[in-house]
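>>> how would this look folded up:
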Amino acid sequence: WTKLVTLGGDDGNEALRQHPRLAELTSDPDMGILVEQFIASRLFTASGTEGSDSSTVSVVHERLLRTWKRAKDWIVENRRHLQMRASVSASLNRWKNSHPDPDFREDSLLLPAGLLLQEGITLSEEAPQILDGPEYADIRDYITRSVTYHEQIRLAEEERRLKAEEEIRLAKEASEKARN
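From the prediction side, this is the model:
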């Protein structure tokens, strides 16, 4: 389901179908059999040339996501992580659109410290399956880059603080020696 469902709509809570490549869903033979059965039962639809890399699959209609108990239960159970993925993905898209050349993208547009960064970390740790597959590699890399960026800032600030404390200590020692 993680590759077939996303959240969107006006309020960001509506379950929407995605169109992953068929090869991504059928790389596991057991999953391939299940997907083929869903296609044969007309619960999923496939498009593109059969056997080609561009073939995609999706839930036949979004209404199925709202009415099929198993799908509804999965969405309810994973809603928080799906929302996190959508938020991180939106931030990633803003960052990608900041400059066409990845080497010139602003690090300040990475996940900001606070809620979005924490959501990225939580998503990676609690629900890595939501980011599984090559189609989510950009999101995984973006989260990692964001965490690294903020860790570098934290370490630089810590280094400045320690240096300032050392300078104060040395100044106090010099002051004490001057008085004696």
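>>> For the spatially closest residue to residue 3 that is not a sequence neighbour, grab the count of nearby residues.
The shortest distance from residue 3 to any residue other than its chain neighbours is 4.1 Å, reached at residue 20 (C-beta to C-beta, 6 or more residues apart in numbering). Where C-beta positions appear, they are placed from N, C-alpha and C, glycine not excepted. When neighbours are counted by other C-beta atoms under 10 Å, residue 20 registers 17.
>>> same question, the one 4 residues further on
Residue neighbour count, defined by other C-beta under 10 Å, stands at 15 for residue 24.
>>> Can I take it that it is in a strand?
No. Assigned with DSSP: H, G, I helix; E, B strand; the rest coil, residue 24 falls outside any strand and is helix.
>>> Which residue, other than its chain neighbours, is closest to it?
residue 133 (5.3 Å).
>>> For residue 27, see how far away the residue nearest to residue 3 is.
Per C-beta to C-beta, to the nearest Å, residue 20 is found 11 Å from residue 27.
>>> Ok, residue 85 next?
As judged by C-beta to C-beta, residue 85 and residue 27 stand 20 Å apart.
>>> Same question for residue 150.
34 Å.
>>> ditto for residue 169
Remark: distance between residue 169 and residue 27 (C-beta to C-beta) = 59 Å.
>>> for residue 33, same thing?
12 Å.
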